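K.L.:
following is a predicted model, sequence given first.
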Amino acid sequence: MEFDKIRRHLVLKYTVVITLMLISVLCISSYMHLRTIYTAIEETLADYLNEEVREAERDLQRPHISIEPPQYINSNSNAMMSIWYYKNQITHAEILDNPALSQKLLERINNRKYKEKTIYKENINDEWSFLLMSQNIKSKNGQIGKVVVISNISKMERWLSSFFIYFATAVLLLIILSFFLGNFFAARAIRQINIILDRQKRFVSDASHELRTPLSIMLAYTELLEHKHSKKTLQKLKEEISSMAELTGKLLQFARFDNAQVPLEIEKFNLSQFLNTVCQDTSLLAQKKNISIKTDIEDNIEIGADKLQIKRLLYILLDNALKYSPENTEIQLSAKKNKTTAIIRIKDHGCGIAPKDIEHIFERFYRADEARSHNAGQGLGLGLSMAWLITRLHRGKINVESTSGQGSTFTVSLPLRLKIQTFINTGK
Ligand code: ADP
């Protein structure tokens, strides 16, 4: 519910911002375009006026002023027109082929007083628009005339208004699209956050459950101590306290990793030698179950990694291999490298993992078959999730292949050169 509210707020804010941005772009670009178009027309009109004035003045020099028949111009064209007046009589006229419109335009020109060389706009019937400029001319004998040039911008304005309607529709569609896309991406992001939160909640509830069990056992032993002091009870109490301390320590590690509080301490070291040492140490434990550890480790694999964390990762995998293998079996540890990656493989011939469990074993507190796992010892289901976290911190990968009853192979790939120091965990 809370997330739905956040999503709605996010989408609303995001859509308002996008809308404002698109509307500003629409307004600014329209203004710039209109300015450029109108300036170009004004300049052309001014040039045209100069030409017509020169011609009209030349005409005035003649002994007899001729009155030309009007020339008709298509009302729907963008052509420019000129009208010359001499003593208030039209001597030259380029007029529109629409008589009613022509009549209205001429009336408008005759009734208005225009300042010379200034641009004016005339609208007729809301449908027709004209830009015009005028200039007075003088004949030799001082007679006054006038030249008016007109640009029919009706067609252009019609085109511009339909262009802006298309443009505004496109903007509207973009706003609607961004609203739906925003909704979709916000929902996806929130789903992801929800999954992480769910994991976190499960982790907290599992952790509390795990802590409650030793606490109740300790309480029971303490009550027992009230009645009878016995070494055995004290011993049991100590065991529970130390298992609780171990669990608390592990939980603290997860919390620190999750909050990215532990930067990796990357150092360059010889992984091949390191693996051999770890194997020797583990062999002592393996002897207890008469398990032999066979190695096939490529020489001189140099790696940049956090040595302590890699050790922890190897111990988790080897410890599990030992825990879940029967006596008198063999564990194989192999390592090789390619151009960029070191690949470590730990193969056992133990109980294996059922297909239904495989996808969960890296989750915190997950233990496959409870009974079988408990037979293998007091595991908490935290080892593999820690191994997963350490691998991810190193920008590496961990995966498992396993057949129930036959054994498991865990493969860890680690980049040879790691530069990243910190990592924010969003995973298991
Ligand atoms: P645990 O402390 O229970 O071993 P882990 O996180 O290390 O916790 O392992 C999770 C579960 O994965 C174990 O409970 C076990 O069922 C299964 N598992 C891990 N490693 C192996 C293995 N090598 N062979 C068989 N099962 C394994």
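P.N.:
Okay, I see it. Remember, predicted model here, so these are calculated numbers, not experimental data.
K.L.:
helix, strand or coil for residue 187?
P.N.:
Secondary structure state of residue 187, per DSSP: H, G, I helix; E, B strand; the rest coil, is helix.
K.L.:
same thing with residue 333?
P.N.:
Strictly by three-state DSSP, residue 333 counts as strand.
K.L.:
ok, now residue 27?
P.N.:
Assignment for residue 27 (three-state DSSP): helix.
K.L.:
before we move on, what about residue 235?
P.N.:
helix.
K.L.:
against the ligand, how distant is it?
P.N.:
23 Å (CB to the nearest ligand atom, to the nearest Å). Bear in mind the C-beta positions are built from the backbone N, C-alpha and C, glycine included.
K.L.:
let me know the outermost residue of the chain.
P.N.:
residue 63 (80.2 Å; CA atoms, centre = their mean).
K.L.:
contact partners for the closest residue to residue 86 other than its chain neighbours?
P.N.:
Sequence neighbours aside, residue 145 is the residue nearest to residue 86 in space, at 4.3 Å (criterion: CB to CB, 6 or more residues apart in numbering). For residue 145, the contact set (CB atoms under 8 Å, 6 or more residues apart in numbering) comprises 56, 60, 84, 85, 86, 87, 91, 136, 137, 138, 139.
K.L.:
repeat for residue 79
P.N.:
Contacts of residue 79 (CB under 8 Å, 6+ apart): 73, 94, 152.
K.L.:
most neighbours out of those residues, which is it?
P.N.:
residue 152 (24 neighbours; other CB atoms under 10 Å).
K.L.:
what's the burial count for the residue of the stretch 51-200 of the chain found nearest the ligand?
P.N.:
Closest to the ligand within the stretch 51-200 of the chain is residue 199: 14.7 Å, counting by CB to the nearest ligand atom. Residue 199 has 15 neighbouring residues, counting by other CB under 10 Å.
K.L.:
where does it fall, secondary structure wise?
P.N.:
helix 154-227 (DSSP states H and E).
K.L.:
that helix: how far from the chain's middle?
P.N.:
14 Å (CA atoms, centre = their mean, to the nearest Å).
K.L.:
which elements pack onto that helix?
P.N.:
Contacts defined by 3 or more CB pairs under 8 Å, 6 or more residues apart in numbering; DSSP states H and E place helix 154-227 against helix 2-60, strand 128-138, helix 231-258.
K.L.:
ok and that helix relative to helix 2-60, angle-wise?
P.N.:
For helix 154-227 against helix 2-60, the angle by axes from the mean of the first three to the mean of the last three CA atoms, to 10 degrees is 160 degrees.
K.L.:
quick one: helix 154-227 to helix 231-258, angle?
P.N.:
170 degrees.
K.L.:
so what's the nearest residue to residue 332 once chain neighbours are set aside up against?
P.N.:
Counting by CB to CB, 6+ apart, residue 347 is the residue found nearest to residue 332 once chain neighbours are left out, at 4.4 Å. For residue 347, the contact set (CB under 8 Å, 6+ apart) comprises 321, 331, 332, 333, 334, 407, 408, 409, 410.
K.L.:
over to residue 290?
P.N.:
327, 328.
K.L.:
SS state for it?
P.N.:
Of the three states, residue 290 takes coil under three-state DSSP.
K.L.:
is it true that residue 350 touches residue 324?
P.N.:
Yes - at 4.0 Å, residue 350 counts as touching residue 324 under the criterion of CB atoms under 8 Å.
K.L.:
and the residue of the protein closest to the ligand?
P.N.:
Going by CB to the nearest ligand atom, the ligand is nearest to residue 379 of the chain, at 2.3 Å.
K.L.:
okay, and that residue sits in which element?
P.N.:
Going by DSSP H and E, residue 379 is not in any helix or strand.
K.L.:
tell me, how many residues neighbour it?
P.N.:
If we define neighbours as other CB under 10 Å, then residue 379 has 16 of them.
K.L.:
how far away is it from residue 90?
P.N.:
Applying CB to CB, to the nearest Å, the value for residue 379 to residue 90 is 107 Å.
K.L.:
ok, now residue 162?
P.N.:
Taken as CB to CB, the span from residue 162 to residue 90 is 35 Å.
K.L.:
more neighbours, the two?
P.N.:
Neighbours per residue, other CB under 10 Å: of residue 162 and residue 90, the larger number sits with residue 90, 17 against 10.
K.L.:
check contacts around that one.
P.N.:
Per CB under 8 Å, 6+ apart, neighbours of residue 90: 67, 70, 83, 84.
K.L.:
cool, residue 158 as well?
P.N.:
Per CB under 8 Å, 6+ apart, neighbours of residue 158: none.
K.L.:
now residue 268
P.N.:
302, 303, 304.
K.L.:
go on, residue 217?
P.N.:
Here residue 217 is in contact with 236, 240 (CB under 8 Å, 6+ apart).
K.L.:
tell me which parts of the protein are close to the ligand?
P.N.:
For the chain, the contact set with the ligand under CB under 6 Å from any ligand atom comprises 320-321, 324, 348, 350-353, 361, 366-368, 373, 379-385, 408.
K.L.:
which of the contacts of residue 90 sits closest to residue 212?
P.N.:
The nearest member of the contacts of residue 90 to residue 212, counting by CB to CB, is residue 83 at 100.6 Å.
K.L.:
name the SS class of the closest one, please.
P.N.:
Per three-state DSSP, residue 83 ends up strand.
K.L.:
measure it to residue 114 for me?
P.N.:
12 Å.
K.L.:
now do residue 228
P.N.:
Applying CB to CB, the value for residue 228 to residue 114 is 119 Å.
K.L.:
quick one, which of the two is more surrounded?
P.N.:
residue 114 (16 against 7).
K.L.:
got the contact list for that one?
P.N.:
Neighbours of residue 114 in contact, by CB under 8 Å, 6+ apart: 120, 132, 133, 134, 148.
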